[in-house]
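S.K.: Below are the sequence and a predicted model for it; my questions follow.
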Amino acid sequence: MSTAYGNDLPAVIRGEEAYRAARRQKRAQALLGGLILLACLLAAAWVSEAHPATLWAGLPRIGEYFARILPDLRWHALFAGSETEGSIAFWFYRLPEWALLILETANMAALATLLGSAAALVLAFPAARNIAPSPLAFHLARRSLEALRTVPEIVYALIFVWAFGVGPLAGILAIALHSAGANGKLFAEAIENADLKAWEGVQSAGGSWLHACRFAVLPQVLPNIISYLLLRFEVNIRSASVIGFVGAGGIGEELYKVISFNYYEEISAIVMLIILTVACVDLLSERLRHAAIGRLEAAR
Amino acid sequence: MLEIDGLTRRFGDRTAVNGVSLRIPAGQMVGVIGRSGAGKSTMLRMVNRLTDPSDGRIRFEGTDVTALRGRALRDWRMRCAMIFQQFNLVQRLDVLTNVLVGRLNRRPVMTSLLRMFTAEERAMALAALDRFDLAETALQRADTLSGGQQQRVAIARAMLQEPRIILADEPIASLDPRNSRIVMESLRGVNREGITVLVNLHDLATARDYCDRIVALNAGRLVFDGPPEHLTAQRIREVYGVSEEEFAEEAAIAVGATPRHAAIAA
């Protein structure tokens, strides 16, 4: 039997030994890596005071909070009017106002996405390593994109509320700036993956750098850019829902108010609305994204 | 008159083109041959300035091409059109716009970025396409065309530049024999209208059939310059140390094309 499989051949024996040695070494490396990771994790937890005991003690209180914000729905009155306690209409008794605020939030997100992505597109071309006109332009564009996306939206919002006053404008600008930074990096990466044959074609015909960007690169990366833009819109809906916490417009302001006044049932109502909206936008934009890419692909 | 003087290009410690000097009178059709890595591509790209020379000078009718910058450089590129082995069209744009790319340099920045061209320019582009039997494809995307068609679109783009010189870098290496013939005849036709043509070729037979003059490079150096009839099998053996058949096969493999005799045998 053993000769049939040739496992007493010198080559087989040597190969098997080498294989086992390699396996042993891999395992030892994995084990060492795992131990180091665990040590780092524990150290990080200790430094950031993430003690298991605190976690354990706090957990039930999260449940308690959820229990408090849950609406008091009653089966027999579920579909009654907003005057009857225990009905859905009673739970969402301020739906018209909230719907308007949700619309405002979506508007803020849409405007901010468009503004931010427009700025991102302008900065993405010099920020793409393969086509940057000069090292200086490349570093300037890259660093400004980094700066734009490193600062959290809420910080921008605080600054703009201070400058332009309470309202959606501050929120739009804040989200737009962050979007510009985040999308600019993605756009630049899409450009870096573009094929440069057409680029040489345009340049060899006497086209300028702008011409080459417009004619050789943009048509190639447009489907990617639209995809990123819609993805960013989804993210921005979420951002726009909380940016109102600092007075920058949208449903966030209302949410902050009901949280600080402990209007428990209204908290859950608004959170439900936000979740519903985000889910709808997610579904819609996914469809839109595929349709847009499909149309661009089919546009022959 | 295109004058090339001691043209040299180094990439690190490798010298791709080594002190090449040439005088090319207006209206000539010059075939450049050589093995892979002989420096043919680099030389052509330096004439268009897609690659900058390390040393030496290129002059066209008294203008120092190697010193051009910015606007003047783009104007020069417009006057010396380039055709590539891989066509280098914008695959996702329609054929007509690809041809109109040849006009970009003459348009104001804003209107050209908005893809606005004049009716005359569109007429020019359609006429150029029609000349190469492609008028029907004007609104199709470039990537729906065959290789031979794409190369003819590239020639139409070059024509819209109204160039004095056309530089063709292995224009037929990616094409089948029939399309190769069509493209070479198009280039020859354009040349008869007075445009100087410099064409890199891996195939000696093609160079002999279509060119007035053959320039051979080896390891970046000029090793032959003369009329096709002087480039005998004997001469090739002297210059390259291999027979003509071996040379042809080697060159064809290097550019990924099917060698001629193999294609016939198959």
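M.R.: Everything's here; your move.
S.K.: Name the helix or strand for residue 17, please.
M.R.: Went with chain A since none was named. Taking DSSP states H and E as the definition, A:Glu17 sits inside helix A:10-47.
S.K.: that's the other chain; I wanted chain B
M.R.: Assessed by DSSP H and E, B:Val17 sits inside strand B:14-24.
S.K.: Also A:Asp8?
M.R.: Assessed by DSSP H and E, A:Asp8 sits outside every helix and strand.
S.K.: What is the burial count for it?
M.R.: Counted with other Cβ atoms under 10 Å in any protein chain shown, residues neighbouring A:Asp8 total 9. Quick note: C-beta positions are derived from backbone N, CA and C, even for glycine.
S.K.: Look up how far chain B lies from it.
M.R.: 46 Å (Cβ to the nearest Cβ, to the nearest Å).
S.K.: Let me know the secondary structure of the residue nearest the centre of chain B.
M.R.: Most central in chain B under Cα atoms, centre = their mean is B:Ala168, positioned 0.7 Å from the mean C-alpha point. Three-state assignment for B:Ala168 (DSSP: H, G, I helix; E, B strand; the rest coil): strand.
S.K.: for it, which residues make a bridge with it?
M.R.: B:Ile83, B:Val199 (DSSP bridges).
S.K.: if we can go back for a sec, for the helix or strand that the helix holding A:Glu17 is followed by, packing partners?
M.R.: Where DSSP H and E defines the elements, the next helix or strand beyond helix A:10-47 is helix A:52-69. Helices and strands touching helix A:52-69, by 3 or more Cβ pairs under 8 Å, 6 or more residues apart in numbering or on different chains; DSSP states H and E, are helix A:264-298.
S.K.: The helix it packs on to helix A:52-69, inter-axis angle?
M.R.: For helix A:264-298 against helix A:52-69, the angle by axes from the mean of the first three to the mean of the last three Cα atoms, to 10 degrees is 100 degrees.
S.K.: ok, and for helix A:264-298, which residues are buried?
M.R.: Buried residues in helix A:264-298, defined by neighbour count with 16 or more other Cβ atoms under 10 Å in any protein chain shown: A:264-271, A:273-274, A:277-278, A:281, A:285, A:289, A:292-293.
S.K.: Same check on stretch A:81-99?
M.R.: A:Ser87, A:Ile88, A:Phe90, A:Trp91, A:Phe92, A:Tyr93, A:Trp98.
S.K.: Relative to chain B, which of these is nearest.
M.R.: A:Trp98 (42.6 Å; Cβ to the nearest Cβ).
S.K.: wait, doesn't that closest one sit right on A:Ile270?
M.R.: Yes: look at A:Trp98 against A:Ile270 with Cβ atoms under 8 Å: they come within range, at 6.3 Å.
S.K.: anything in contact with each of those two?
M.R.: Jointly contacting A:Trp98 and A:Ile270 under the rule Cβ atoms under 8 Å, 6 or more residues apart in numbering or on different chains are A:Ile251, A:Glu254.
S.K.: where along the stretch 101-250 of chain B do the strands fall?
M.R.: B:165-169, B:196-200, B:213-218, B:221-226 (DSSP state E, counting those that start in this stretch).
S.K.: for those strands, which one sits closest to A:Ile225?
M.R.: Closest to A:Ile225 of those is strand B:165-169 (Cβ to Cβ; 31.3 Å).
S.K.: For that closest one, name the packing helices and strands.
M.R.: helix B:40-48, strand B:80-83, helix B:177-192, strand B:196-200.
S.K.: How about the residues of the stretch 51-200 of chain A by chain B?
M.R.: The stretch 51-200 of chain A comes close to chain B at residues A:Asp195, A:Lys197, A:Ala198, A:Glu200, as judged by Cβ under 8 Å from any Cβ of the partner chain.
S.K.: Would you agree the first one falls within a helix?
M.R.: Pointing back at A:Asp195 there. No: under three-state DSSP, A:Asp195 falls outside any helix and is assigned coil.
S.K.: Could you report the neighbour count for it?
M.R.: 13.
S.K.: which residues of the stretch 151-300 of chain A score low on pLDDT?
M.R.: A:295-300 (pLDDT under 70).
S.K.: swap that for chain B, please
M.R.: B:257-266.
S.K.: Mind jotting down where the helices sit in it?
M.R.: For chain B, the helices defined by DSSP state H cover B:40-48, B:70-79, B:95-100, B:109-113, B:119-131, B:147-160, B:177-192, B:204-210, B:233-240, B:244-255, B:260-265.
S.K.: so who does residue 242 touch?
M.R.: You didn't say which chain, so I picked chain A. A:Val242 is in contact with A:Ile154, A:Gly252, A:Leu255, counting by Cβ under 8 Å, 6+ apart.
S.K.: should've been chain B
M.R.: Contacts of B:Val242 (Cβ under 8 Å, 6+ apart): B:Ile236, B:Glu250.
S.K.: how about the residues of the stretch 1-150 of chain B near chain A?
M.R.: B:48, B:50, B:74-79, B:81-82, B:84, B:86-93, B:97, B:101-102, B:104-105, B:109, B:112-113, B:140-141, B:143-144.
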